[in-house]
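Novice: what's the 3D shape of this:
(2 chains)
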Amino acid sequence: MSRYEPKTIESKWQAAWDAAETFKARRDPAKPKYYVLEMFPYPSGRIHMGHVRNYTMGDVVARYKAAQGFSVLHPMGWDAFGMPAENAAMERGGHPKEWTYGNIADMRAQMKPLGLSIDWSREFATCDPEYYGQQQAMFIDMMAKGLVYRKNAVVNWDPVDMTVLANEQVIDGKGWRSNAPVVRRELTQWFFKISDYSAELLSALDGLKDWPEKVRVMQANWIGQSRGLQFAFTTTGAPEGFDRLEVYTTRPDTLLGASFAAIAADHPLAKHLERHDPAVAEFTAECRKGGTTAEAMETAEKIGMDTGIRVLHPFDNSVELPVYIANFILMDYGTGAIFGCPAHDARDFEFATKYGLPIPVVFVPEGAEEADLDEPFVPMKSERVQYIRGFAGNDLQTGEDAIAAAIAECESRGIGRGVTNYRLRDWGISRQRYWGCPIPVIHCDACGVVAEKKENLPVRLPDDVSFDIPGNPLDRHPTWRQCTCPQCGADARRETDTMDTFVDSSWYYARFTAPHATTPTIAEDADYWMNVDQYIGGIEHAILHLLYSRFFARAMHATGHLPAKAIEPFNALFTQGMVTHEIYKTTDAAGRPIYHLPEDVTTFTVGDRRVTVLGDVAPPDPDMIPDINAWMQGLNDEGALVEVIPSAKMSKSKKNVVDPMNIIEAFGADTARWFVMSDSPPERDVEWTASGAEATFKHLSRVWALCSRIGDMPADHAGEGDAEIAKATAKAVDEITRAIETFAFNKAIAALYGLTNTLAKANGSTPAMKQAIRTLAQLMCPMTPHIAESIWTYQGGAGLCATAPWPKADPALLVDDTVTLPIQINGKRRAEISVPKDMPASEVEKIALADEAVVKFLAGAPVKKIIVVPGRIINVVI
RNA sequence: GCGGGCGUGGUGGAACGGUAGACACAAGCGACUUAAAAUCGCUAGAGCCAAGCUCGUGCGGGUUCGACUCCCGCCGCCCGCACCA
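Specialist: Now for the predicted structure:
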């Protein structure tokens, strides 16, 4: 066996797998299926280390499951619509389509050398008309089911780029690209009725046992269920049509602490008032102005304006409360109107203090007397407090109990009703962009808004568009909008909004089960392959993508495109950590930071100091440096000394990136794959270090050398220790199997190091050594499939290692005949003994007490108690 | 503010309530070499320069024969949400 040359063997085995169609997913009723999916990439043009880590994890699972006898589906595609393609077209010319498909080709070419066990025959991009046409068909089905609707919504509008911006695209109140002040504008937008499923999306989280707790909690918070009372105040002095004011509260128990009511600036009453009163208009404009960012919200002062309108307290019509318009009331939560209870709500307290409103106390801490408050008293709802102004019992009780009693009491008095509210709002999917899935509807003067006929799908994006003028090219296309009404046949106009790209990624997992079908899915395929057994991706998609996918699967079931079992599409979810790297920084004369790529710096140790300098410099001879501080100061004065900032997510702007292609070029894919799986647990961040990558390559070279050495052994070499080798191998099989099952890839790799070290030191018989290294190859195969194939073949393994059944550990080899038991005296380890594994406890006890070291420690003291945990430990208490 | 998570050698990290620090990186020493690289071997939590002992998993308590692990209270860091009535 020659030297370890990853480049040669990796392309060789990739070709062999291709030729054998090793990874083609086949519907095989005789086998259990396993569907493993990594979140598909956006085709930016370059793969990065995060991709390598994500896809390697999926690949380990896929290859392992295949070896376990599952029929595996492991596909790959492209989340290909979206703004960057249009931005590129605006900046550099060209067409988003060419840019996108060019990037896909580039990225595919970068991914293939990783040797992933992907069924490439199922590949698609969401911008393929065959894909988005089926998405349009489902949109039409969803319209028919009432899951789609249009309404006016306030959006962030960029007046220069003439487009709607997402909240994340608004920076300091300005458009992220145009830098123009963003205006709030009301547009008619398309929505999916995800709110129909709020309760179910929440309750079904409990069933997702194999999802990270963190993600379930984040989703639950996002859906934001609350239970409260909705009721109407009677108003006085209000304009016609506003004689009642509906409010929602989660604290109806504090109703007798009400001192004012407040409405949002966008509340219908406020809007009515602003039309007739310039002062109100000025105030509501002020409310709307504030930034939408979190910090702006945080620091914004609470302001209000007394409308002069009064509401009557529902329990006592002689009590009148003023109605304010206030900037901290949100129109799209509850009813957009509240009653304020300053004593028990921080915001209401701040507001009441500012405007000199009364602060009536409803309850006090257990055992306390009523007193004026310097700050609001807001206990946990589970805390017991003494009610003073309760109306459903002035007892010592928890807020929870009081709220339930208050709702019941109000309902019986005919004041309002108990209501469950959700923060989750309907999903606005309209985008005024070109590079997205066209919404397949038609506007007809006679018939209104009508769905396109399915036989006319896909509604294709026109190719002849330009991006030299801001705005949506579909709007200004000379002919694309022209069409005929599917209902009456008259001339009509196409919708020019396209869908949010989150729609594209909300069902791609289902499409992979039948990627070329002329319907969105095919029942038999979806039935066989769904659900995704293991989904792997970044935590950044914990909320939106996963929640939308859960909704979409339900919508697909409701429209007949997925079986009932698939309404929760992802059985298990794993969120992997990031790949991080140190950041190398110097500063220019003006003190501005300059960042440097890892390959542009050199690090060495001088004494106990780690020094990083610019350039490819040879390490200095430590003896030549009499004064390290002076020497480093010198480097600093030259501008050569680099500041090392602790590891952070790889990002282009900080230049702390390592290009996977450079690593594959230098060390091969197996090294890259092994390294990203080693050391750190997969859910945590892993730090990429040059020395680590190099060390990995050295290790693989050692395995190669070991294989070579075993290959050179004479066939009749007897050696010794075959039993120990078999045991070590069995233990490794057991350990690695369990590690992979539990996503503890770092532990699997630690065990692989262990077995390799054992074999390197062993001197077994030739057949025993060959058997052991073949097993080692199989165990390595999920992480480093190429070198595994080479070793497997070289050592006489039959067929491909990738298709060989996973090794099983003989249980008899996993238990040792004798065990070493530590002996503790009063919980401190003092000695150890070796005993046969099934020796009765009483015998063990005797031997332990007779042990020389134990006798010495006991020094004749009486033994109070002795605990023998079989096979584990002995503890002597004196 | 609310919610979730984490704190172990120089570093990444192991450890069903049962020998803390597996495995690896970095480091040091040695062998081979004219030399270096590569390779191989050894050392390594801290302290008492050794056998051995003492102390050690953020801090303080508790439960237990026994606690990195479980419970209570602090401290620190990370992440998510955030004017949600």
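
Novice: can you pull the contacts of the residue nearest the centre of chain A?
Specialist: Geometric centre of chain A, nearest residue: residue A:539, 2.2 Å, by CA atoms, centre = their mean. Taking CB atoms under 8 Å, 6 or more residues apart in numbering as the criterion, residue A:539 is in contact with A:214-215, A:575. The way it works is simple: take the backbone N, C-alpha and C, and place the C-beta from them, glycine included.

Novice: cool, and residue A:827?
Specialist: With CB under 8 Å, 6+ apart, residue A:827 has these contacts: residue A:875.

Novice: chain center to stretch A:438-455: distance?
Specialist: Relative to its parent chain, stretch A:438-455 has a centroid offset of 36 Å by CA atoms, centre = their mean, to the nearest Å.

Novice: got the CA positions of it in CSV?
Specialist: What follows is stretch A:438-455, C-alpha atoms only, in CSV (Å, rounded to 0.1, in the frame of the first residue of the first chain):
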residue,chain,number,x,y,z
PRO,A,438,-45.6,34.2,-8.6
ILE,A,439,-48.9,34.2,-6.7
PRO,A,440,-51.2,32.4,-9.2
VAL,A,441,-54.2,34.6,-9.1
ILE,A,442,-55.8,37.0,-11.6
HIS,A,443,-57.6,40.3,-11.1
CYS,A,444,-60.7,40.6,-13.2
ASP,A,445,-62.8,43.7,-13.3
ALA,A,446,-66.0,41.7,-13.3
CYS,A,447,-65.1,38.6,-11.2
GLY,A,448,-62.7,40.2,-8.8
VAL,A,449,-59.7,38.1,-7.5
VAL,A,450,-59.8,34.6,-9.2
ALA,A,451,-57.4,31.7,-8.9
GLU,A,452,-55.5,30.8,-12.1
LYS,A,453,-56.7,27.5,-13.7
LYS,A,454,-54.4,24.6,-12.7
GLU,A,455,-53.9,23.6,-16.3
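
Novice: Pull out the buried positions in it.
Specialist: A:438-444, A:450-452 (16 or more other CB atoms under 10 Å).

Novice: if we can go back for a sec, filter the contacts of residue A:539 to the buried ones?
Specialist: A:215, A:575.

Novice: hmm, back to that, same list (the buried residues of stretch A:438-455) but as TSV, adding secondary structure.
Specialist: Listed next are those as TSV, based on DSSP: H, G, I helix; E, B strand; the rest coil:
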residue	secondary structure
A:438	strand
A:439	coil
A:440	coil
A:441	strand
A:442	strand
A:443	strand
A:444	strand
A:450	strand
A:451	strand
A:452	coil
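
Novice: what about the residue nearest to residue A:287 when sequence neighbours are not counted, distance to residue A:364?
Specialist: Closest residue in space to residue A:287, ignoring its immediate chain neighbours: residue A:265 at 3.7 Å, by CB to CB, 6 or more residues apart in numbering. Distance of residue A:265 to residue A:364, given as CB to CB, to the nearest Å: 35 Å.

Novice: Can you pick out the residue with more neighbours from the two?
Specialist: residue A:265 (23 against 18; other CB atoms under 10 Å).

Novice: Up against RNA strand B, what does the stretch 701-850 of chain A have?
Specialist: Proximity of the stretch 701-850 of chain A to RNA strand B, by CB under 7 Å from any atom of the strand, involves residues A:701-702, A:705, A:744, A:746-747, A:749-750, A:753-754, A:757, A:760-761, A:820, A:822, A:824, A:826-830, A:832.

Novice: from the residues you listed, which ones fall inside strands?
Specialist: Counting by DSSP state E, those place A:820, A:822, A:824, A:828-830, A:832 in strands.

Novice: Any of those residues buried? List them.
Specialist: Neighbour counting by 16+ other CB under 10 Å classes A:824, A:830 among those as buried.

Novice: SS state for residue A:382?
Specialist: coil.

Novice: what about it, how many neighbours?
Specialist: Counted with other CB under 10 Å, residues neighbouring residue A:382 total 9.

Novice: In terms of pLDDT, where does it sit?
Specialist: On pLDDT, residue A:382 comes in at 76.

Novice: and of the buried residues of stretch A:438-455, the nearest to RNA strand B?
Specialist: residue A:439 (26.0 Å; CB to the nearest atom of the strand).

Novice: Only the buried residues of stretch A:243-257, if you could.
Specialist: Neighbour-count burial for stretch A:243-257 [16+ other CB under 10 Å]: A:245, A:247-257.

Novice: in the stretch 1-150 of chain A, which ranges drop under the pLDDT threshold?
Specialist: Within the stretch 1-150 of chain A, no stretch has pLDDT under 70.

Novice: Quick check: residues of the stretch 201-350 of chain A near RNA strand B?
Specialist: Residues of the stretch 201-350 of chain A lying near RNA strand B by CB under 7 Å from any atom of the strand: A:213-214, A:217-218, A:221-222, A:224, A:226, A:228, A:248-251, A:264, A:290, A:294, A:297-298, A:300, A:302, A:327-331, A:333-336, A:338, A:345, A:347.

Novice: Of the residues you listed, keep whichever come out buried.
Specialist: A:218, A:222, A:228, A:248-251, A:264, A:302, A:327-329, A:331, A:333-336, A:338, A:345, A:347.
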